[in-house]
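> sequence and predicted structure below; questions after.
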Amino acid sequence: MNIFQTVKESVTARQVAEQYGFKVNRNGMVCCPFHNDRHPSMKVDKGFCCFACGAKGDVITFAADLFHLSPLEAAKKLAEDFQIPVTQETHRKQSRSKNKEIRKRTLYQTEKKVEQLERECACTLSDYLHLLEEWKVRYTPQSPDDEWADEFAEACQRKELINYYLDILLYGELQDRIEFLLDKGEEVEQIEKRMGEYRRKNEDKAGGSIG
Ligand SMILES: [Zn+2]
């Protein structure tokens, strides 16, 4: 609601006339201030209407004409004189709800971004986990004396950890997931690189064995 609506709903022309010293008779009539009126010929109610000179309008027009003010100035004066909580309250409410709207939108965008990052991270991690499982089988030492392949050691060391990371990403609270992305984002990138290197190396090997 703007100041005009608020004032119009809070106070009637009759109340205003009384407040500003007009004598309202039993019929709700006052002497018209807009022409030389000796007998009350203006009806004041929610608005006002003079049966003699034809002046009429709402409570704001009444105050505006009476004090020679613009409608906005008249509305402000009425709000002040009748202690109607308008401008500031209305503005504050509007900016509050606007801020809320912006916050909601920002949060939504953040969530979308977080979700996308999560999906990418989860993809990388689950690829990596599969690879580790594969390594654990493929590079198992054949005898106790065999030296461990790097891949086998890596699989033993990191399987638990990667499982734990995936748990956070898939089942964690939003706050935990965001913290994970902030803390471990780089680590996940390193894993992505590591897998790329391994795959390239293996393709080279495969190519070499064919050629
Ligand atoms: Zn009149």
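Arrived safely, thanks for sending. Nothing here was measured: the structure is a model prediction, and the numbers come from that model.

> can you tell me the centre-most residue of this protein?
Centroid check for the chain by C-alpha atoms, centre = their mean gives Lys104 as the closest residue, at 2.0 Å.

> now do it, the pLDDT please.
With respect to pLDDT, Lys104 has a value of 79.

> in which helix or strand does it reside?
In the assignment (DSSP states H and E), Lys104 maps to helix 87-138.

> from the chain's centroid, how far away is that helix?
Relative to the chain's own centre, helix 87-138 is displaced by 14 Å; criterion: C-alpha atoms, centre = their mean, to the nearest Å.

> so how far is the very next helix or strand once past that helix off the chain centroid?
Of the helices and strands lying after helix 87-138 in sequence (DSSP H and E), the nearest is helix 150-171. Its chain's C-alpha centre and that of helix 150-171 lie 37 Å apart, by C-alpha atoms, centre = their mean.

> could you do stretch 183-192 as well?
31 Å.

> okay, now the unreliable bits of the protein?
87-94, 206-211 (pLDDT under 70).

> how about the closest residue to Phe51 other than its chain neighbours, phi and psi?
In space, not counting the residues next to it along the chain, Phe51 is nearest to Ser41; the distance is 5.0 Å by C-beta to C-beta, 6 or more residues apart in numbering. Where you see a C-beta, it was placed from the backbone N, CA and C, and this is true even at glycine. The phi/psi pair for Ser41 (degrees, to the nearest 10) reads phi -130, psi 10.

> contact partners for the residue nearest to the centre of the chain?
Under the criterion of C-beta atoms under 8 Å, 6 or more residues apart in numbering, the contact list for Lys104 is empty.

> distance of it from Asp176?
22 Å (C-beta to C-beta, to the nearest Å).

> now do the SS call for Leu69.
Assigned with DSSP: H, G, I helix; E, B strand; the rest coil, Leu69 falls in the coil class.

> where does it fall, phi/psi-wise?
Taking degrees, to the nearest 10 as the convention, Leu69 sits at phi -120, psi 160.

> does it touch Leu78 like I think?
No. Leu69 lies out of contact with Leu78 (C-beta atoms under 8 Å); the separation is 9.8 Å.

> which residues do the two both contact?
Common neighbours of Leu69 and Leu78 are listed as Ala63 (criterion: C-beta under 8 Å, 6+ apart).
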